[in-house]
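Novice: Here you go, sequence then predicted model.
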Amino acid sequence: MIPAPRIKVLIVDDSPIAVALVKRALCSAPDIEVVGSAGNGREALELVPALNPDVVCTDLHMPVLDGLELTRQIMARFPRPVLVVSVSTREGSLGVFNMLEAGALDVVTKPRMGSEPEYGAIRDELIGKIRILSGVHVFRKIPKREDAGAPPNLPLPAAGQGRRGGVVVLGASTGGPQALQLILSRLPARFPVPVVCVQHISAGFQEGLMQWLSASSALRFETAAERGVPAPGTVCFPPEGRHLEFHADGSYLISCAPPLNGHRPSISATMSSAARCHGSTAAGVLLTGMGDDGAQGMLELYRAGGMTIAQDQGSSIVFGMPRKAIELRAARLVLPLESIAALLVHYFGAEKGRMP
């Protein structure tokens, strides 16, 4: 049997120590080959056509040509997966999400010297993301948020069928920040129910994600607090490393329970809790991402009478979680990304002139 070709990776960082740490992490994986490194974006642009890497790992802050402009030029000239490898700081993370908007697919914490458990966790996450992204065919950009998303041309639930007192749960992994940005930018400020987002993302980047999303959305953003009351027109994220569920009275329950489906926070944990607490008044949306987190929770929400939507394959960067939900027959609707916000607005009666 001919062995599968190794995944070729180009590392771009102006710090020799950072390059060495990333290379050390990747070289521990037998299916990954580091084919080169560059100290800035200009050097990287010279190496990409020569080395033809499957994935480019780049930092944001570099001299001569930074990671943001490098990402833009790679997308324009040599489209391929770009993974942002960066230090998770509040100031820097906003720039990281600008890179995602420019075409990068995911972000991961930069490996650093420390205890073996800490280094090992970052190494394993980095390797896992490289393996996922190496299978992504980069050929398009997600539609710009100013492009109006028309309601899908298929049988729709009655306008306003979604009931007040409900909740929308959005779950995403790889490619999720871009998908969330498009959906949340199209929901009106007076959207009549709260929106809960569970996004698989490396530790330290969620606050920056929320700031980035809020810049293009009319909704209010907050991190859930124990016994906090979900409010219409609000987007809520769980605290990092915690499950977000609901008490029987509908208030938020912050849980330190073990990871579910390998994740904490888990999309399934939130959707299952929404099914128990909100039942038919809830809507669940499962977006792009690897694995199966969210699928079982969506099935419980479907059985409880809630509206369940899976992103379709054509608009998903990674068609893992939505595919699993579809296989379980947990999705009432399978929609392209650009139609999901319009469906939610229609379902909850939030069109102009129909606001409560």
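Specialist: The structure has been received and is ready for your questions. Residues are numbered from 1 along each chain as shown.
Novice: Can you list the low-confidence ranges for the stretch 201-350 of the chain?
Specialist: For the stretch 201-350 of the chain, no stretch has pLDDT under 70.
Novice: rerun at 90
Specialist: 349-350 (pLDDT under 90).
Novice: the helices in it, which residues?
Specialist: Assignment of helices within the stretch 201-350 of the chain using DSSP state H, counting those that start in this stretch yields the ranges 206-214, 267-278, 295-303, 321-327, 337-347.
Novice: any chance of these in JSON lines, plus distance to R72?
Specialist: Every residue, glycine included, has its C-beta placed from N, CA and C. Formatted as JSON lines, the helices of the stretch 201-350 of the chain follow (distance: least, Cβ to Cβ, whole Å):
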{"stretch": "helix 206-214", "distance to R72": "17"}
{"stretch": "helix 267-278", "distance to R72": "31"}
{"stretch": "helix 295-303", "distance to R72": "35"}
{"stretch": "helix 321-327", "distance to R72": "28"}
{"stretch": "helix 337-347", "distance to R72": "21"}
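Novice: ok, and which of those helices has the densest surroundings?
Specialist: Of these, the one with the most neighbours on average (mean count of other Cβ atoms under 10 Å) is helix 267-278, at a mean of 26.
Novice: What is the burial count for G36?
Specialist: If you count neighbours by other Cβ atoms under 10 Å, G36 ends up with 16.
Novice: for it, helix, strand, or coil?
Specialist: At G36 the chain is in strand, as set by DSSP: H, G, I helix; E, B strand; the rest coil.
Novice: Identify the bridge partners of it.
Specialist: For G36, the beta-bridge partners are L10 (DSSP bridges).
Novice: pretty sure it is touching V48, no?
Specialist: No - using Cβ atoms under 8 Å, G36 is not in contact with V48; the gap is 9.3 Å.
Novice: Common neighbours of these two, please.
Specialist: Taking Cβ atoms under 8 Å, 6 or more residues apart in numbering as the criterion, G36 and V48 both touch L10.
Novice: Which positions within the longest helix seen in the chain qualify as buried?
Specialist: Longest helix in the chain, counting residues (DSSP state H): helix 116-133. Of the residues in helix 116-133, Y119, I122, R123, E125, L126, I127, K129, I130, I132, L133 count as buried by neighbour count, 16 or more other Cβ atoms under 10 Å.
Novice: do stretch 17-29 as well
Specialist: Buried residues in stretch 17-29 (16+ other Cβ under 10 Å): A18, V19, L21, V22, K23, A25, L26, A29.
Novice: for the longest helix of the chain, packing partners?
Specialist: Using 3 or more Cβ pairs under 8 Å, 6 or more residues apart in numbering; DSSP states H and E, the elements in contact with helix 116-133 are strand 7-12, helix 16-27, strand 32-38, strand 55-58, strand 82-86, strand 106-109.
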